[in-house]
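Engineer: Dropping the sequence and predicted coords here.
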Amino acid sequence: MNRLLAVLTVMTLALAAGGASISASAAAPPRAPVHQTQGADCRTYSGTEVCGGLKLTDQQRACVQQSVAKGMTDRRAEVECHTYS
């Protein structure tokens, strides 16, 4: 969890400094893509593609809440917390 917070903090600071593109791939290897369904609501963040909803653990949900409170979108926070938690 500390590693994820460090990554999110670096990303937040870089974005605040005007960085257009942040890659957290050096922090941890991305997980395999979650199932793809044609016509599903798909999104890709940090090299991980997700289609449809995610089943998050309590720890991942807490991560999402913290990330959203810091200004990250819900959709991005879900994918990144799922990938790096």
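Structural biologist: Now that the structure is in, tell me what you want to look at.

Engineer: I'd say Asp41 and Cys51 touch.
Structural biologist: Yes. Using Cβ atoms under 8 Å, Asp41 is in contact with Cys51, at 6.7 Å. Glycine gets a C-beta too; all of them are placed from N, C-alpha and C.

Engineer: Compare neighbour counts for those two and give me the winner.
Structural biologist: Taking neighbours as other Cβ atoms under 10 Å, Asp41 and Cys51 compare with Cys51 leading, 17 against 10.

Engineer: Look up how far Thr44 lies from that one.
Structural biologist: Applying Cβ to Cβ, to the nearest Å, the value for Cys51 to Thr44 is 10 Å.

Engineer: can you check Arg75 too?
Structural biologist: Distance, Arg75 to Thr44, by Cβ to Cβ: 11 Å.

Engineer: And Leu54, by the same measure?
Structural biologist: Distance of Leu54 to Thr44, computed by Cβ to Cβ: 13 Å.

Engineer: so what sits against both of the two?
Structural biologist: Residues within reach of Leu54 and of Thr44 at once, by Cβ atoms under 8 Å, 6 or more residues apart in numbering, are Val79.

Engineer: now the helices: where do they sit in this protein?
Structural biologist: Assigned by DSSP state H, the chain shows helices spanning 2-16, 58-69, 74-84.

Engineer: Going by neighbour count, which residues in the second one are buried?
Structural biologist: Neighbour-count burial for helix 58-69 flags Gln60, Cys63, Val64, Gln66, Ser67 (criterion: 16 or more other Cβ atoms under 10 Å).

Engineer: for these, which one is nearest Cys81?
Structural biologist: Comparing these against Cys81 with Cβ to Cβ picks out Cys63 as the nearest, at 3.7 Å.

Engineer: so what's that closest one closest to, chain neighbours aside?
Structural biologist: Among residues not flanking Cys63 along the chain, Cys81 sits closest, at 3.7 Å (Cβ to Cβ, 6 or more residues apart in numbering).

Engineer: do His82 as well
Structural biologist: Nearest to His82 is Leu54, by Cβ to Cβ, 6+ apart, at 5.1 Å.
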